[in-house]
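A.B. asks: Next comes the sequence, and after it the predicted model I'd like to discuss.
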There are 2 protein chains.
Amino acid sequence: MTSTPTGTPSLGARPDEVRRHNRTVLLRRLHVGGPTTRASLAAELGLNRSTIKALVDGLAETGVVEEKVPRQRSGAGRPSLLVLPQPHAAVVLAVDVRVDQVSIALVGLGGAILGRNSWNLRGHTRGPEEVITHVVDSAIVLAADIGVTMVAGGVSVPGVVRRSDGLVHEAPNLHWTGVPLGERLSTVFGMPVVIGNDAELGALAEHLRGAAREASDAVYVSADVGVGGGVISDGSALRGTAGYVGELGHMAVNPAGRQCYCGSTGCWETEVGEPALCRALGLREGSPRGAVVAELRALASSSALVRERLGEFGEWLTVGLVNVVNVLGPELVVLGDLFTALPASLIADVGGEVRKRSLVSRAVGGIRIVVSTLGPDSTLLGAAELAFEPVLDGV
Amino acid sequence: MTSTPTGTPSLGARPDEVRRHNRTVLLRRLHVGGPTTRASLAAELGLNRSTIKALVDGLAETGVVEEKVPRQRSGAGRPSLLVLPQPHAAVVLAVDVRVDQVSIALVGLGGAILGRNSWNLRGHTRGPEEVITHVVDSAIVLAADIGVTMVAGGVSVPGVVRRSDGLVHEAPNLHWTGVPLGERLSTVFGMPVVIGNDAELGALAEHLRGAAREASDAVYVSADVGVGGGVISDGSALRGTAGYVGELGHMAVNPAGRQCYCGSTGCWETEVGEPALCRALGLREGSPRGAVVAELRALASSSALVRERLGEFGEWLTVGLVNVVNVLGPELVVLGDLFTALPASLIADVGGEVRKRSLVSRAVGGIRIVVSTLGPDSTLLGAAELAFEPVLDGV
């Protein structure tokens, strides 16, 4: 499921909409799946060769794609030309705002990172005004350095975000409330800038380019200070009402647990977020990520020690994942961010328990629980894909 | 959102697919939304009048629709003809298998019930063979009585169901395991028969014809012996991998709670299913539904008494609904089946608490929690809509 069409006509379709739709589907296939031949495009998209030729010729004329003789030829006969998306034909700005760091990247058509930059946040530089100013300055310098023009932007924020207009309703760990981030950045840059929830964008990136490429129903669950999740359902990102994505970290799993800032008690993130992991490891809450990861590495060689120290943490991870699997019925769960540092023996134990205790997992013959393959770049790459969505309709 | 297109072309679209798609969208609009004029169809579907005329003429020729002068005329001038779907043009069989009762209905194009029948199940008549035999016999007699031919069937089952081939993986309260219900019924009837989970079909019916008609993101939660849920996301039914829908009743909400048959502990349904409600009311578990409803009616006049007797039950209902809202981000939750008998003061209290404690509800400005408007027919009507899905493509 590497090609998710974006421009599917949803009401009655007119011929011009069909052409535009086909063009978007083809471009999206090239952007996500990489270079391929006209013949493969025809087969994959179910279109005839003359339609593919007309579309590719049109895109080649405007420099969006190029056709080349492939380096490796298979079999005899005339070589089939490869259709390559041209990175500079459309460049987007991707921004990943985290609690302690901001990263930006310029990403070209086809998904290559053309340039990147990042800086740490400390208390006084974490306000929305400071972050906006720094993002704008850095992006303009970076674009000038590598000689490209940005056409759209996507921003990942760890919080509850309204997709329609990019309002950050609440990003508790940044202490942001009601920040009209999308509007502000769109105005300053003079281009569309879309805002997404970090876990939702992680899910998007894993689905398009990472561990969930082959899965049409997957859930991405990641832990930083908070715990979030993104859902791919039938090949598309699931989004709740008004564009708000769900907040998996705020499932109440332990009524006897801690009060959560959200107004509920015993939320999943109070049991499996970074502070909970620090407590389990005997570290001070708020310890630097490096210290947490080092402690996890030190444990990892002994699965007995892992069970002793992280048994209860693993139990809460299991309970929440059983709920995720029972409610959403994915074929695959991808664990991201801090969870990628957990010992492999713990992940294996948790996976086994989830398969045993989940009705839905037993029904589908066992769901898989794996670790992200994109590492810390998943949210940044997801932000780029968010920016590309409208761009691919109109390049 | 009363018209959910089913035949949306998902890859590159060819002109014949577009015509077929438009025809399905139009038919679906008439089936779900009821009679309307050509002019309204053009406006709603975004198609021009000549396209609408060609489609309606084609459907009228084969007797699928009829055009009539409306009884009430608005304004002067030539009356705009109403396009009416013809119930007998396509009749489907709907079956609702419950723990204690089976209902069948023959439903015509447009959604009207043309005839129905039902019978109680007792221990020895609850086996899949007995149910299949009785459904087949009754449906054939009913169809002959009212002189119609069935073209497809839909069946609601309270259990974990694989959509692709209609396998009932596990229907615990019926004691069914691995029943190839879809295959068996399709073979006997010689027509496609699709199987769905009861709560998923309740959600579908509420979305198309009930309390969630105007909501594109809604969750339907219903309680019988078990608790189940169906999700409408962006206007379509959410379905997990391999067609398995999620099982909201098996979110673990109380680690200190009862062992659930599913292999987990403290599942939501152990706290808010019918047996839990019986315990809260001081009734024997397994009391007849009539006794439970009578006890709830007796309480309802005093909201103080409701709080005293059902306070803890309401708290568990709240905890689960907070999770549902935080994970899925709906704008509306519809409570069905046994939940419709809960005192209005309890529903209001629970709604208030959910809005207060849910991060996502606060973000969207407060989600609504309402009671089903279709009553006990919601799953039966949902089963009919399941049967209609492929039919509307090909009438």
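C.D. replies: That came in fine, so what should we check first? Numbers count the residues shown, from 1 in each chain, chains lettered A, B, ... in the order given.

A.B. asks: For the stretch 51-200 of chain A, which residues are neighbours of chain B?
C.D. replies: By C-beta under 8 Å from any C-beta of the partner chain, the residues of the stretch 51-200 of chain A that approach chain B are A:T51, A:V160, A:R162, A:H169, A:E170. The C-beta positions use only the backbone N, C-alpha and C, and glycine is treated the same way.

A.B. asks: Output these in TSV; the columns should cover distance to A:G190, pLDDT and neighbour count.
C.D. replies: Formatted as TSV, the entries for those read as follows, by distance: C-beta to C-beta, whole Å; pLDDT from 0 to 100; neighbours: other C-beta atoms under 10 Å in any protein chain shown:
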residue	distance to A:G190	pLDDT	neighbour count
A:T51	35	90	18
A:V160	27	84	27
A:R162	22	85	18
A:H169	25	89	20
A:E170	28	86	20
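
A.B. asks: Select from those every entry located in strands.
C.D. replies: Helix and strand membership here follows DSSP state E; of those, those in strands are A:V160, A:R162, A:H169, A:E170.

A.B. asks: if I look at A:E61, how far off is A:T24?
C.D. replies: Note on A:E61: its distance to A:T24, by C-beta to C-beta, to the nearest Å, is 17 Å.

A.B. asks: Look at the two and report which has more neighbours.
C.D. replies: Neighbour totals were compared for A:E61 and A:T24, and A:T24 leads with 20 against 9 (other C-beta atoms under 10 Å in any protein chain shown).

A.B. asks: Which positions in the longest helix seen in chain A come out as buried?
C.D. replies: Longest helix in chain A by number of residues (criterion: DSSP state H): helix A:303-328. Buried residues in helix A:303-328, defined by neighbour count with 16 or more other C-beta atoms under 10 Å in any protein chain shown: A:306, A:309-310, A:313-328.

A.B. asks: quick one: low-confidence parts of chain A?
C.D. replies: Counting by pLDDT under 70, the low-confidence segments of chain A come to A:1-14, A:72-78, A:123-124, A:240-245, A:395.

A.B. asks: Which residue ranges of chain A form helices?
C.D. replies: Taking DSSP H, the helices of chain A run over residues A:15-33, A:38-45, A:49-61, A:128-146, A:181-189, A:198-209, A:268-272, A:274-280, A:289-300, A:303-328, A:344-357, A:359-364, A:378-394.

A.B. asks: got the contact list for the fourth one?
C.D. replies: Helix A:128-146 is contacted by residues A:91, A:93, A:95, A:97, A:102, A:104, A:106, A:114-117, A:119, A:121, A:124-125, A:149-150, A:153, A:168, A:176, A:179, A:181, A:184-185, A:188-189 when judged by C-beta atoms under 8 Å, 6 or more residues apart in numbering or on different chains.

A.B. asks: How far off centre is that helix?
C.D. replies: Going by C-alpha atoms, centre = their mean, to the nearest Å, the spacing between the C-alpha centre of helix A:128-146 and its chain's C-alpha centre is 22 Å.

A.B. asks: again with the second one
C.D. replies: The gap between where helix A:38-45 is centred and where its chain is centred comes out at 27 Å by C-alpha atoms, centre = their mean.

A.B. asks: List the contacts of the closest residue to A:S222 other than its chain neighbours.
C.D. replies: Leaving aside its chain neighbours, A:S222 sits nearest to A:G336 (3.5 Å; criterion: C-beta to C-beta, 6 or more residues apart in numbering or on different chains). Remark: with contacts taken as C-beta under 8 Å, 6+ apart, A:G336 is in contact with A:A199, A:G202, A:E206, A:Y220, A:V221, A:S222, A:A223, A:V371, A:S372, A:S378.

A.B. asks: so the first one touches A:Y220, yeah?
C.D. replies: Yes - with contacts counted by C-beta atoms under 8 Å, A:A199 reaches A:Y220, the gap being 6.2 Å.

A.B. asks: Could you give the number of residues near A:A256?
C.D. replies: There are 9 residues near A:A256, going by other C-beta under 10 Å.

A.B. asks: I'd say it and A:T270 touch.
C.D. replies: No - in this structure A:A256 lies outside contact range of A:T270 using C-beta under 8 Å: 11.4 Å.

A.B. asks: count of residues packed around A:A215?
C.D. replies: 22.

A.B. asks: repeat for A:H134
C.D. replies: When neighbours are defined as other C-beta under 10 Å, A:H134 has 16 of them.

A.B. asks: With the one 3 residues further on instead?
C.D. replies: By the measure other C-beta under 10 Å, the count of residues near A:D137 is 10.

A.B. asks: quick revisit: ok, and which of the buried residues of helix A:303-328 reach chain B?
C.D. replies: Counting by C-beta under 8 Å from any C-beta, the members of the buried residues of helix A:303-328 that reach chain B are A:V319, A:V322, A:N323, A:V324, A:N326, A:V327, A:L328.

A.B. asks: re the thing from before, could the contacts of A:G336 be laid out in JSON lines, adding neighbour count?
C.D. replies: Converted to JSON lines, the contacts of A:G336 look like this (neighbours: other C-beta atoms under 10 Å in any protein chain shown):
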{"residue": "A:A199", "neighbour count": "32"}
{"residue": "A:G202", "neighbour count": "32"}
{"residue": "A:E206", "neighbour count": "29"}
{"residue": "A:Y220", "neighbour count": "33"}
{"residue": "A:V221", "neighbour count": "28"}
{"residue": "A:S222", "neighbour count": "27"}
{"residue": "A:A223", "neighbour count": "25"}
{"residue": "A:V371", "neighbour count": "15"}
{"residue": "A:S372", "neighbour count": "23"}
{"residue": "A:S378", "neighbour count": "31"}
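
A.B. asks: circling back to that earlier point, which residues are in contact with both of A:A199 and A:Y220?
C.D. replies: With contacts defined as C-beta under 8 Å, 6+ apart, the residues adjacent to both A:A199 and A:Y220 are A:G229, A:G230, A:G336.

A.B. asks: Now flag whichever of those residues is closest to A:T36.
C.D. replies: Set against A:T36, the nearest of those by C-beta to C-beta is A:G230 (27.7 Å).

A.B. asks: Spatially, which residue comes closest to that closest one, not counting chain neighbours?
C.D. replies: Closest residue in space to A:G230, ignoring its immediate chain neighbours: A:A203 at 2.7 Å, by C-beta to C-beta, 6+ apart.

A.B. asks: what's near enough to touch that neighbour?
C.D. replies: Each residue near A:A203 by C-beta under 8 Å, 6+ apart is listed here: A:A212, A:A218, A:V219, A:Y220, A:G229, A:G230, A:V231, A:I232, A:A237, A:V334, A:G382.

A.B. asks: follow-up on the earlier one: narrow the contacts of helix A:128-146 to just the buried residues.
C.D. replies: Burial of the contacts of helix A:128-146 was assessed by neighbour count (16+ other C-beta under 10 Å); the buried members are A:91, A:93, A:95, A:97, A:102, A:104, A:106, A:114-115, A:117, A:121, A:150, A:153, A:168, A:176, A:179, A:181, A:184-185, A:189.

A.B. asks: Go through those and flag which are in strands.
C.D. replies: Using DSSP E to define strands, the subset of the buried ones among the contacts of helix A:128-146 located there is A:91, A:93, A:95, A:97, A:102, A:104, A:106, A:114-115, A:117, A:150, A:153, A:168, A:176, A:179.

A.B. asks: what's the closest of those to A:V354?
C.D. replies: A:V97 (31.1 Å).

A.B. asks: quick one, what contacts the closest residue to A:A39 other than its chain neighbours?
C.D. replies: The shortest distance from A:A39 to any residue other than its chain neighbours is 5.6 Å, reached at A:S80 (C-beta to C-beta, 6+ apart). Shown in contact with A:S80 (C-beta under 8 Å, 6+ apart): A:T37, A:R38, A:A39, A:P70.
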